[in-house]
Structures are given as structure tokens and as C-alpha cells.
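Novice: Fold the following for me, if possible:
(one chain, ligands or ions: 1)
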Amino acid sequence: MEAKMHKDYMEETERLEYIKQMIEEEIVLLSNKTYTVLNEDVIAEIVYMDNQRMKKLETSAHNPYFGRIDFRERNQDKLENIYIGKASLMDTDSDEDGVMLITDWRAPISTLYYDGNIGSVKYNCPAGNIGGELSLKRNYKIENGHLEKITDIDVSALDEMLLEALEDKKDTKLKDIVSTIQSEQNEIIRADLTKSLIIQGVAGSGKTTIALHRIAYLIYTYQHRYRPHEFMIIAPNKLFLQYIEDMLPELGVEDVEQTTMEDLTKNIVAEHFSISEDDDKLKKIIENESDKNLVESLRAISRIKTDLKYKVILEEFVDEIINEILPKDDLIFEGVLIIEASELSRIFHENYKRYSVLKSIKLVKKLMTTRFENSKSDIEDNIYATINQRQINLEKDEKNISNQNEEIKKIHLEQQSRIKNMKKNFIKLMNTYLKEPKQSILKYYEKFLIKDKFINKLISDKEYLMDYFKEMSKNIRTNKMVEIEDLPALMYLQHKLIGAKNISNTKHIVIDEGQDFGTFQYYILRDIMKEATFTILGDIAQGINYHRGTSDWEDVKQKVFKDQCQIKYLQQSYRTTVEIMNAANEVIGKVEDENIILAHPVLRHGAQVEKIKKDSYGDIVDCIATEINKLMDKYNSIAIIGKNNQQCEKIYDQMTSKGIDVQWLKDRESEYSQQIVLLPSYLAKGLEFDCVIIPGGGEDNYKMNKLDGMLLYVCMTRALHELRIYYVNECSELLK
Ligand SMILES: Nc1ncnc2c1ncn2[C@@H]1O[C@H](COP(=O)(O)OP(=O)(O)OP(=O)(O)O)[C@@H](O)[C@H]1O
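Specialist: Below you'll find the predicted structure:
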């Protein structure tokens with residue numbers, strides 16, 4: 001309701017003015033603050049915290065809070081009015097200790113705003129379960145410091161607020177949803193950090209948004225235990241990272257590690273190599289649909305390299321490397337046994353199994369050096385004994401009597417040198433006895449790919465794939481080029497041979513578009529980041545990379561997490577209108593896959609999905625060009641989504657020749673900044689636009705198969721308010 005109409009308008013306005021004044025006062029206090037502590041590090045830390053606080057205050061001055069709950073704790077008389085905002089505010093002038101003027105949305109009690117219905121409620125906090133009575137839930141719309149709306153919430157009013165938020169037009173960045181988080185989303189955001197989670201959420205269910213809110217929640221809740229850089233987000237590509245980049249600072253979070261699987265691998269395997277464009281394979285698959293053998297072999301290779309069986313075979317390869325490194329003889333120095341070959345082998349294979357080969361070598365060298373130190377007097381005795389023996393032998397040798405003195409002198413000098421350089425000589429011997437892995441990880445991998453005895457185990461029934469592995473090895477040798485499917489193998493070899501210390505401190509890792517990764521990728525991340533828990537978010541129905549990804553979360557749960565994780569489902573879609581979601585559901589419903597779950601749209605209606613037939617592609621572009629100005633007046637973001645870049649290129653040429661300013665997002669490194677963008681279907685995943693135009697919805701483009709069904713579904717579900725599909729000749733079977 002309009003704020004002025006509300007019975008508490010006066011009271012609420014006074015309070016808002018008071019809060020604004022308090023914020024102003026704190027800002028002034030902070031800007032005039034002088035730092036008298038002597039230690040520079042301490043000052044730097046305090047200045048950093050103050051700057052962070054200042055930023056928060058400055059943003060919240062215009063919109064300090066969005067909600068209020070009135071709560072009376074069981075067995076307490078006082079009814080508390082709790083105002084909820086993005087940043088907390090304490091009344092420092094108050095006589096009472098630490099009166100909260102604004103409570104952070106992430107605080108334990110704030111969960112009542114998102115979850116609790118009016119009446120008896122409870123929430124969890126470090127002190128335990130707190131129960132009580134919730135008598136009011138209120139929402140405020142405050143813009144530029146003015147109270148515009150006050151809404152007292154029952155279940156239906158909450159929907160009203162949500163609908164209003166969803167009606168908004170979107171620009172090039174994803175926004176936070178703190179004031180309208182839904183109960184099922186709140187549960188995921190606040191889920192226990194110590195357990196891993198897999199979220200299967202339909203298109204537009206808020207997975208990306210929730211992922212970022214969860215990070216913000218975890219950082220706040222565990223601020224005394226973990227630093228922001230111990231949290232990591234893995235996003236599908238740079239385009240996507242750019243799309244979400246505003247949200248964490250909006251939520252008051254900085255310094256969280258944000259990366260892609262490609263960059264993460266490059267960070268772990270600190271060697272120079274390039275990764276062929278992920279889309280290349282998808283493009284090849286899309287463009288060679290008719291060549292069934294080629295498509296099948298491309299898919300087969302990807303599946304092999306991303307499955308856990310690949311790890312089993314790589315493990316055998318690593319064992320072979322270890323066996324090559326391990327000496328067959330005992331290490332004996334100056335007649336003293338330092339280590340037996342059998343003991344060394346046992347230590348490697350049993351005691352140090354959890355360490356990388358390099359670390360095992362370093363540890364075992366430490367052990368051998370200690371043994372050397374402890375045996376020094378025996379070693380010295382042996383040196384004296386052998387030298388003495390040589391002197392005796394020399395003295396007995398009457399033939400060389402003339403040189404004897406000279407020789408004895410030499411022997412004594414040698415003795416002195418062997419005693420003096422005992423340690424140096426031992427280290428030298430030890431280093432030749434046990435050699436560290438010398439080759440680069442890429443070199444090892446290149447070798448692995450041409451070892452028939454391993455590769456045969458992977459493709460025993462598919463002989464024709466053998467050449468492909470050989471070709472790949474050559475490509476690594478000559479171009480230092482791998483495929484995205486090779487990343488788990490590279491991580492694995494690095495981890496097992498050298499160690500992957502760069503990221504082992506990570507405490508929690510959030511992976512978006514998680515359906516794009518296979519079991520091997522998850523396994524190796526888990527193995528490297530032993531202390532970390534995971535939140536994996538994805539949608540099987542959008543698994544356009546199913547050749548290398550996951551099509552069954554149960555598989556990941558059992559094989560990777562050994563059942564120690566929970567799968568949660570989100571079926572409500574918030575992005576699209578009912579009309580668009582229904583049309584998209586019909587498309588994905590035609591894809592045969594029992595793991596695909598259909599989305600339920602929020603009850604928000606919009607224009608019917610238009611399917612428009614034209615005589616030629618030229619006519620389609622003409623039509624888009626005529627309509628585009630009207631659409632630009634109506635929407636902040638418009639996307640023309642072609643199936644692939646070849647199609648985009650034609651459209652781009654025609655549109656620019658008509659003077660239309662369109663930005664072509666060609667690859668995952670592109671920058672997304674304009675009102676109208678043109679992009680291929682596979683790059684659209686994860687993004688959203690007010691209006692989507694699909695210029696090639698005909699049978700010639702989207703055939704009745706799983707991949708085309710998923711690609712079309714992804715394109716359609718990018719639209720918030722309007723979807724137009726053009727086609728020439730016959731409309732795709734998927735759309736009928
Ligand atoms: N509780 C909510 N309140 C307001 N808006 C919401 C809410 N949940 C989701 N949204 C909006 O729905 C849209 C979709 O969210 P998001 O992109 O996070 O979904 P997703 O599940 O990652 O989608 P996809 O898998 O299709 O890429 C966004 O515009 C987001 O702001």
C-alpha cells in the first residue's frame with residue numbers, strides 16, 4: 001500500500017528520519033576518526049574495516065532497511081520491533097547495551113522474516129533454539145531515503161512483493177533479492193556450512209542468485225573463523241562472472257575468490273598451456289549433426305575423460321611413474337644401510353599414499369637424512385676402517401715401496417675429505433638414488449595418452465578412438481593445447497605428482513552450472529580441497545554439455561560424496577512469465593530424459609509467445625529491424641539468440657548494415673554491456689534478458705533430438721517478459 005495510506009505512516013516516517021540521522025552521524029564519526037595505534041599492521045586492518053563499514057553505510061543511507069518483524073520471545077514481556085536491512089546498525093547512544101536499530105538480513109533472527117508465518121515460530125541461533133510469537137511482518141519500499149510503500153505481509157502480500165520485483169526490467173547485471181528471498185531459497189542460503197549440497201533447480205529458480213546470497217550469508221555467519229578469500233565461486237565463463245560481478249559488493253562481500261574451471265586449473269597446474277574453446281566441441285557437434293560417427297566419437301571421448309574410470313587408469317599411470325622413480329637397490333652409504341628398497345616402496349605405497357610423489361620424496365629424504373645423522377659415528381668408523389685397510393694393503397705391497405709415503409699421504413687426505421664432506425656426499429648420493437619427478441605435468445599427460453596399455457582399457461570396444469588419443473598427445477606436444485575435458489586429468493596429475501597447494505586452504509566452494517562437470521572433476525576438486533564443503537547448483541534440463549557433464553545428480557552424490565551430501569530440488573521458476581515457461585516446458589517435455597524436471601512458473605502473466613513465419617532469413621532480419629525501436633523503448637535488455645555463431649554472423653552483418661547498434665557476444669571472453677546483444681545459444685546459458693528473439697526456430701535449425709531440445713529450452717528460458725520466435729518454412733517439431 002502507498003505509505004501515506006498506512007495507519008503507522010507517521011511513526012514509521014519518524015523512525016526512518018531518526019535512522020538516517022544515525023547513519024549520517026556514524027559516517028561523520030568515521031570520516032573524522034584518527035588512528036593512534038602504533039602498529040602499522042593493526043592500523044591498516046582497522047582502516048580497511050572502517051572503509052568497508054563506510055561503504056555499507058553510504059549505500060544503506062538511501063535504503064536502510066526493507067523489512068520489519070515484531071517478535072516476542074517465549075517467557076519474555078518485551079515485544080521487539082526488529083528492522084531488517086542489508087547492513088546492521090547499532091545505537092551507540094542508547095543507555096541499554098548494544099541496541100540494534102537495524103538487524104542484518106543474515107542474522108539468525110532474520111530468518112523469521114523469510115520463513116515464519118504470523119503466530120508461533122522458532123529459529124536457530126548459536127545459543128540454541130529460540131521460540132516465540134511473531135505478531136507482525138512488514139515490508140518497506142524506501143527509495144532515495146523516502147518511504148514509498150508499507151506492506152503488512154501475510155502469505156498473499158509476499159507474493160505481491162515478489163511479483164513487483166519480477167516485473168522489473170533487467171539490465172546487464174544480476175541483482176540481489178534480499179527483500180524477497182523465498183522460504184525454499186532461504187533454506188538453501190542458510191544451510192549448514194559443514195555439509196555439502198547439490199541443488200537441482202529448474203531454469204530461473206534463482207540458483208545463481210542463491211549461490212551468491214549463500215556466500216554472503218556464510219561469510220557473515222563464520223566471520224570469526226574464516227576469511228572471505230577462503231570461499232570460492234566457480235562460474236562457467238568470464239562473460240558470466242561479469243554478469244554477476246555487481247552482486248557480491250551489493251551484498252557487502254569482497255575478496256571472495258571468483259574463477260572459472262579453466263583458470264582454476266591453470267592456477268593449480270602452474271605451467272603454460274592453452275585450452276581449446278569449450279564451445280568448439282559443442283559447435284562441432286552442432287554443425288556435424290548428420291555425421292553420426294563423428295558426433296558419437298566426439299561424445300564418447302568427452303565421456304571417457306570426464307568419468308571416474310579415467311581417474312582409475314591415471315592412477316595406474318601414476319603408480320608406474322612411482323615404480324620408475326623407486327630404486328631397486330638399497331641405499332648404502334659408506335657401508336651403512338640407510339634404507340632398504342622394500343621399505344622405501346612400502347613407505348610410498350602405504351604410509352605416504354595421501355601425499356604427492358614430490359612430497360613423499362621430500363619426506364622420505366628427510367627420514368633418510370635423519371638416519372644418516374644418527375649413523376654418523378658408524379659411518380666415520382667405516383671410513384676409518386676402509387682407509388686403514390687400504391693403508392695396510394699398501395704397506396704390504398712391496399712393489400710400490402718407493403711411492404708408499406706419497407700414497408699413504410693421499411689416502412689420508414682422502415680420509416679427511418670423506419669425513420669433512422660426509423654430509424655433502426650423502427646428499428649427493430641420496431639425490432641420485434631418489435630422483436624427483438622432473439617432467440612437466442603436460443609432458444606426463446602427453447606420455448599417458450600414447451600408452452596403449454592404459455588407453456586400451458578405456459576404449460577396448462571402440463578401436464577407432466585410439467587415433468584420437470594419439471592426435472591429442474601430438475597436439476599437446478606441438479601446441480601445448482588441451483581440451484576442457486582434460487582439466488580433471490591435469491589437476492589429478494598435478495595433485496598426485498607435485499601437489500596442488502595453491503587452493504588447499506579453501507573452506508567452501510560454490511559451483512554454478514554444475515551440470516557441466518563430470519564425476520572426475522568433482523572427485524579431484526574434493527580430493528585437493530579436503531577440508532572444503534561444496535554447494536553445487538545446476539539444472540539437468542540445461543545440460544547442453546552432457547557429453548562432458550552430469551546427467552544424474554545421484555551419481556555425483558554416491559560416487560563422489562559417498563552419500564555424504566544432500567540433493568535439494570527447486571521447481572519454482574521466478575524469471576519467466578507463465579506463457580514463456582509453458583512454451584519452454586513443452587519443448588523440454590519432448591526430450592526423453594527421466595532426470596529432467598519441469599518448472600512451475602510464478603503466477604506472472606505476460607504476452608503470448610509469438611511464433612512468426614517468414615519467407616526468408618532476410619525477411620526475418622527486416623522484421624526484427626522494424627520492431628527493434630519499439631522493443632528498445634519498452635525493455636532494458638534485448639537478446640537475439642542464434643543457434644550458432646555462423647547464424648549470428650549473418651544476422652550481425654544485416655543488422656549493422658541497417659544501422660542497428662547490436663553487440664555480438666561471440667565467445668565466453670566477450671564483454672556484455674549494450675541494450676541489444678546477439679549471441680549463440682550455448683553462450684546464453686545463465687544469462688537473462690527482458691526480451692528474447694530467436695531468429696531461427698525452424699526445423700532446419702532445431703531438430704527433434706536431445707541436444708537441440710536443450711539448446712532451444714535454454715534460449716527460451718532466458719526471457720523475462722517477452723519471447724519471439726521466427727522461422728522459415730517449417731517450425732521446429734519441438735515447438736509444435
Ligand atoms: N526470491 C526472488 N525474488 C526476486 N527475484 C528472484 C527471486 N528468485 C529469483 N529471482 C529472479 O529470477 C531470475 C532468475 O534467477 P537466477 O538467474 O539466479 O536463476 P537460475 O536458476 O540461476 O537460472 P538459470 O539456471 O536459468 O540460469 C533473476 O532475475 C532473479 O533476480
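Novice: and this structure, which residues reach the ligand?
Specialist: 162, 165-166, 175, 177, 180-182, 185, 201, 203-209, 539, 542, 574-575, 686, 688, 717 (CB under 6 Å from any ligand atom). Quick note: C-beta positions are derived from backbone N, CA and C, even for glycine.
Novice: In helices, which of those appear?
Specialist: Cross-referencing these against helices under DSSP state H gives 162, 165-166, 185, 207-209.
Novice: In this protein, spot the strand with the most residues.
Specialist: Counting by DSSP state E, the longest strand found in the chain is strand 128-143.
Novice: so how far is that strand off the chain centroid?
Specialist: How far strand 128-143 lies from its chain's middle: 33 Å, per CA atoms, centre = their mean, to the nearest Å.
Novice: Taking the residues of the chain next to the ligand, please make a PyMOL selection of just the buried ones.
Specialist: Here is the PyMOL command that selects the buried residues among those (16 or more other CB atoms under 10 Å):
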select buried, resi 162+166+177+180+181+182+185+201+203+204+205+206+207+208+209+539+542+574+575+686+688+717
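Novice: Look up phi and psi at the residue of the stretch 601-736 of the chain found nearest the ligand.
Specialist: With CB to the nearest ligand atom, the shortest gap between the stretch 601-736 of the chain and the ligand falls at residue 686, namely 4.5 Å. Taking degrees, to the nearest 10, you get phi 90, psi -20 for the backbone angles of residue 686.
Novice: wouldn't it be in contact with residue 514 here?
Specialist: No - counting by CB atoms under 8 Å, residue 686 does not reach residue 514; the two are 11.6 Å apart.
Novice: what helices or strands is the lengthiest helix in the chain leaning on?
Specialist: Determined from DSSP H, the single longest helix within the chain is helix 9-31. Applying 3 or more CB pairs under 8 Å, 6 or more residues apart in numbering; DSSP states H and E, one finds that helix 9-31 contacts helix 40-60, strand 89-91, strand 99-104, strand 146-152.
Novice: what pairs with the residue nearest the centre of the chain across the strands?
Specialist: Centroid-nearest residue in the chain: residue 234, 1.6 Å away (criterion: CA atoms, centre = their mean). With beta bridges defined as DSSP bridges, residue 234 has these partners: residue 259, residue 511.
Novice: mind listing what it touches?
Specialist: Neighbouring residues of residue 234 by CB atoms under 8 Å, 6 or more residues apart in numbering: 259-261, 264, 509-512.
Novice: of the residues you listed, buried ones?
Specialist: Using 16+ other CB under 10 Å, the buried ones in the contacts of residue 234 are 259-261, 264, 509-512.
Novice: which of those lies closest to residue 395?
Specialist: residue 264 (69.6 Å; CB to CB).
Novice: mind listing what that closest one touches?
Specialist: Here residue 264 is in contact with 234, 503 (CB under 8 Å, 6+ apart).
Novice: so it is in which element?
Specialist: helix 261-268 (DSSP states H and E).
Novice: Quick check: buried residues in that helix?
Specialist: Neighbour-count burial for helix 261-268 [16+ other CB under 10 Å]: 261-262, 264-266, 268.
Novice: chain center to it: distance?
Specialist: Using CA atoms, centre = their mean, the offset of helix 261-268 from its chain centre is 11 Å.
Novice: Skip ahead from it and say which helix or strand is next.
Specialist: strand 274-275.
Novice: Output the following helix or strand past that following strand as PDB, nothing but the C-alphas.
Specialist: As assigned by DSSP H and E, the chain's next helix or strand after strand 274-275 is helix 278-287. Extracted in PDB, the C-alpha atoms of helix 278-287 (Å, rounded to 0.1, in the frame of the first residue of the first chain):
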ATOM      1  CA  ASP A 278      34.800 -25.200 -24.800                       C
ATOM      2  CA  ASP A 279      32.300 -24.300 -27.400                       C
ATOM      3  CA  ASP A 280      34.500 -25.700 -30.200                       C
ATOM      4  CA  LYS A 281      33.400 -29.200 -29.400                       C
ATOM      5  CA  LEU A 282      29.800 -28.200 -29.000                       C
ATOM      6  CA  LYS A 283      30.000 -26.300 -32.200                       C
ATOM      7  CA  LYS A 284      31.400 -29.400 -34.000                       C
ATOM      8  CA  ILE A 285      28.600 -31.500 -32.500                       C
ATOM      9  CA  ILE A 286      26.000 -29.000 -33.600                       C
ATOM     10  CA  GLU A 287      27.500 -28.400 -37.000                       C
END
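Novice: by contact count, what packs against helix 278-287?
Specialist: Secondary elements touching helix 278-287 (3+ CB pairs under 8 Å, 6+ apart): helix 292-306, helix 706-716.
Novice: all helices in the stretch 401-550 of the chain, in order from the N-terminus.
Specialist: 404-420, 422-433, 441-449, 452-459, 466-479, 487-493, 519-528 (DSSP state H, counting those that start in this stretch).
Novice: Residue 511 contacts residue 534, correct?
Specialist: Yes - using CB under 8 Å, residue 511 is in contact with residue 534, at 6.7 Å.
Novice: got a list of what residue 80 touches?
Specialist: Taking CB under 8 Å, 6+ apart, one finds 70-73 in contact with residue 80.
Novice: Let's verify it: helix, strand, or coil?
Specialist: Put simply, residue 80 is strand when judged by DSSP: H, G, I helix; E, B strand; the rest coil.
Novice: Just give the closest residue to residue 9, not the sequence neighbours.
Specialist: Nearest non-adjacent residue to residue 9, counting by CB to CB, 6 or more residues apart in numbering: residue 3, 5.7 Å away.
Novice: how deep is residue 356 tucked in, by neighbour count?
Specialist: Look at residue 356: counted by other CB atoms under 10 Å, it has 20 neighbours.
Novice: Now do it against the ligand, distance only.
Specialist: 36 Å (CB to the nearest ligand atom, to the nearest Å).
Novice: And residue 304, by the same measure?
Specialist: For residue 304 relative to the ligand (CB to the nearest ligand atom), the value is 27 Å.
Novice: Pretty sure that residue sits against residue 310.
Specialist: Yes - with contact defined as CB under 8 Å, residue 304 reaches residue 310; the gap is 6.0 Å.
Novice: any shared contact partners between those two?
Specialist: By CB under 8 Å, 6+ apart, the residues touching both residue 304 and residue 310 are residue 458.
Novice: still on that earlier bit, now do the helix holding residue 264 against helix 519-528, angle only.
Specialist: Between helix 261-268 and helix 519-528, the angle comes out at 40 degrees (axes from the mean of the first three to the mean of the last three CA atoms, to 10 degrees).
Novice: Deepest-packed of the helices of the stretch 401-550 of the chain, please.
Specialist: Burial of those is given as mean neighbour count (mean count of other CB atoms under 10 Å); helix 487-493 ranks first at a mean of 25.
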